[in-house]
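> Got a predicted model here, sequence first, then my questions.
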Amino acid sequence: MAGQVSSVRSEEFYRTLVENAAEGMLTINTDSEIVYANPAIEDILGYAPEELVGSPKMKIIPERLQPVHAAALDSYVETGERNIDWDGVELPALHKDGHEVPTLISLREHEHDGEQYFTGIIRDITERKHHEEQLHDQKSRLTEFSDILTHDIRNPLSVARGYTELAQENHDIPELEQVADSLERIDSLIEDVAALTKEGQVIGETETVDVEACATEAWRNVRTGTAELDIRTDLGEIEADESRLHGVFENLFRNAIEHAGGEVTIHVGRLSADRGLYVEDTGPGIPEAIQDDIFEYGYSTEKDGTGYGLSIVRQIVNGHGWEISVTKSDAGGARFEITGIEFI
């Protein structure tokens, strides 16, 4: 008797959990008939549970998708082979008022009294889809902005730099140096913003890359002044998008020179146990209090810094499936460690 009471209480307990769940729940039988719906379904699809129970599942399926749903259920019942991801698949559901609701559905199969049933846990993802659309629109606008920067602004900028250089050759006017520096600053800003939109895209085709050759070439493309590059170890080869990896080294080198000054020495080497790569310098280092902030867009400790360089580095690194962190070098300077790299 006590066991029966315990069983009844257990059933009541679990039913209470299901009835009060935030996610919608629908259970169908092998004939695609709805045999259970919890109250949360009404918040998602507008139907009270009693309006659905006893109805075919097709009541909440958009008409264009009904043949696909029917065929999928029949196929599974017959073969036992799943043709969708039961742990979470995005599917539109039909609201009572006729509009479609984007949902994420997780499926489970179970038996009761010898009968086979399927329960779907349904989550409304309207807000997430709306957010994804906003991000897509923002990315499109950002790409358009990049095109304006690289073409419509850069052309007159090149003309201004040319006339400034000509004026410097013919006239000894100290202020022209400040003009040249300002134009260089504008050009650097354009380069960083354009790169930010480019690197925001997925990593392109990868290939075997000689890391030392890539780092050395990147060094030649940076205004290094009297700074020195020291390749400490055999950097080996890795699988990477060479163009993107080139950008990682360029931005790390430029960051070190801008913050540590022209006399800095930059070391590049492999981490112990082949865990990855490091780029460190002999400069003043990065205070621990801001080490978590330096990879954020627009964050810069320099008055004239764009704050984009290190955010671009993180995008490229993460795009490869690697991770980057910053700490202090043995000389007290900044040390960037890129882990998760597999050497060939």
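Received the coordinates, thanks.

> contacts, neighbours, all on C-alpha from now
OK.

> Lowest mean pLDDT among the helices and strands of this protein, which one is it?
helix 2-19 (a mean of 59; mean pLDDT, DSSP states H and E).

> Which is the succeeding secondary structure element to the longest strand seen in the chain?
Longest strand of the chain, by residue count under DSSP state E: strand 100-112. Going down the chain from strand 100-112, the next helix or strand is strand 115-124, by DSSP states H and E.

> what's that following strand in contact with?
23-30, 44, 101-111 (C-alpha atoms under 8 Å, 6 or more residues apart in numbering).

> Mind checking which of those residues are buried?
23-29, 44, 101-107 (16 or more other C-alpha atoms under 10 Å).

> just how off-centre is the longest strand of the chain within its chain?
Relative to the centre of its chain, strand 100-112 is centred 28 Å away, using C-alpha atoms, centre = their mean, to the nearest Å.

> same question, stretch 165-173
Distance, centroid of stretch 165-173 to centroid of chain: 47 Å (C-alpha atoms, centre = their mean).

> same check, this time on stretch 148-164
33 Å.

> which residues sit against that stretch?
176, 179, 180, 183, 187, 190, 191, 194.

> So for that stretch, mean pLDDT?
The average pLDDT for stretch 148-164 rounds to 83.

> Would you mind getting the angle between the longest strand of the chain and strand 115-124?
Per axes from the mean of the first three to the mean of the last three C-alpha atoms, to 10 degrees, the angle that strand 100-112 makes with strand 115-124 is 150 degrees.

> For strand 100-112, which helices and strands make contact with it?
Using 3 or more C-alpha pairs under 8 Å, 6 or more residues apart in numbering; DSSP states H and E, the elements in contact with strand 100-112 are strand 89-94, strand 115-124, helix 126-147.

> is it possible to export those to JSON lines including mean neighbour count and distance to residue 233?
Listed next are those as JSON lines, based on neighbours: other C-alpha atoms under 10 Å; distance: least, C-alpha to C-alpha, whole Å:
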{"stretch": "strand 89-94", "mean neighbour count": "18", "distance to residue 233": "48"}
{"stretch": "strand 115-124", "mean neighbour count": "19", "distance to residue 233": "52"}
{"stretch": "helix 126-147", "mean neighbour count": "13", "distance to residue 233": "38"}
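
> Quick one: closest of those to residue 331.
Nearest to residue 331, of all the helices and strands packed on strand 100-112, is helix 126-147, at 38.8 Å by C-alpha to C-alpha.

> could you give the angle of the closest one to strand 100-112?
140 degrees.

> Could you check how far helix 126-147 is from the centre of its chain?
For helix 126-147, the distance to the chain centre is 13 Å (C-alpha atoms, centre = their mean).

> other SSEs contacting that helix?
strand 100-112, helix 175-199.

> Dump the ones you listed to JSON lines, plus distance to residue 282.
Output for those, formatted as JSON lines (distance: least, C-alpha to C-alpha, whole Å):
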{"stretch": "strand 100-112", "distance to residue 282": "51"}
{"stretch": "helix 175-199", "distance to residue 282": "24"}
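
> Quick one: end-to-end distance for stretch 48-63.
21 Å (C-alpha to C-alpha, to the nearest Å).

> By mean pLDDT, show me the worst of the helices and strands packed on helix 126-147.
The bottom spot among these, by mean pLDDT, belongs to helix 175-199, with a mean of 75.

> Could you identify the helix or strand that succeeds that one?
Next in line after helix 175-199, if elements are assigned by DSSP H and E, sits strand 207-210.

> Return that following strand as PDB; C-alpha atoms alone will do.
The C-alpha coordinates for strand 207-210 follow below in PDB (Å, rounded to 0.1, in the frame of the first residue of the first chain):
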ATOM      1  CA  GLU A 207      47.300  25.300 -45.800                       C
ATOM      2  CA  THR A 208      50.700  24.300 -44.400                       C
ATOM      3  CA  VAL A 209      52.400  27.500 -43.200                       C
ATOM      4  CA  ASP A 210      56.000  28.000 -42.300                       C
END
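
> Flag every buried residue along that strand.
So strand 207-210, judged by 16+ other C-alpha under 10 Å, has buried residues 209, 210.

> what's in contact with the helix or strand just after it?
Sequence-wise, the next helix or strand downstream of strand 207-210 (DSSP H and E) is helix 211-220. Outside helix 211-220, the residues that touch it by C-alpha under 8 Å, 6+ apart are 229, 231, 234-238, 242, 245-247, 249-250, 253.

> still on that earlier bit, closest to residue 61 out of the helices and strands packed on helix 126-147?
strand 100-112 (8.9 Å).

> three-state assignment of residue 280?
Judged by DSSP: H, G, I helix; E, B strand; the rest coil, the three-state class of residue 280 is strand.

> wait, it sits on residue 266?
Yes: using C-alpha atoms under 8 Å as the test, residue 280 is close enough to residue 266 to be in contact (5.7 Å).

> can you tell which of the helices and strands packed on strand 100-112 is closest to residue 55?
strand 89-94 (13.9 Å).

> ok now the closest one, how far from the chain's centre?
24 Å.

> Just want the angle from that strand to strand 115-124.
Using the same axes, to 10 degrees: strand 89-94 against strand 115-124 is 80 degrees.

> contacting residues around strand 89-94?
Residues contacting strand 89-94 (C-alpha under 8 Å, 6+ apart): 45, 59, 60, 61, 62, 100, 101, 102, 103, 104, 105, 106.

> Thank you, goodbye.
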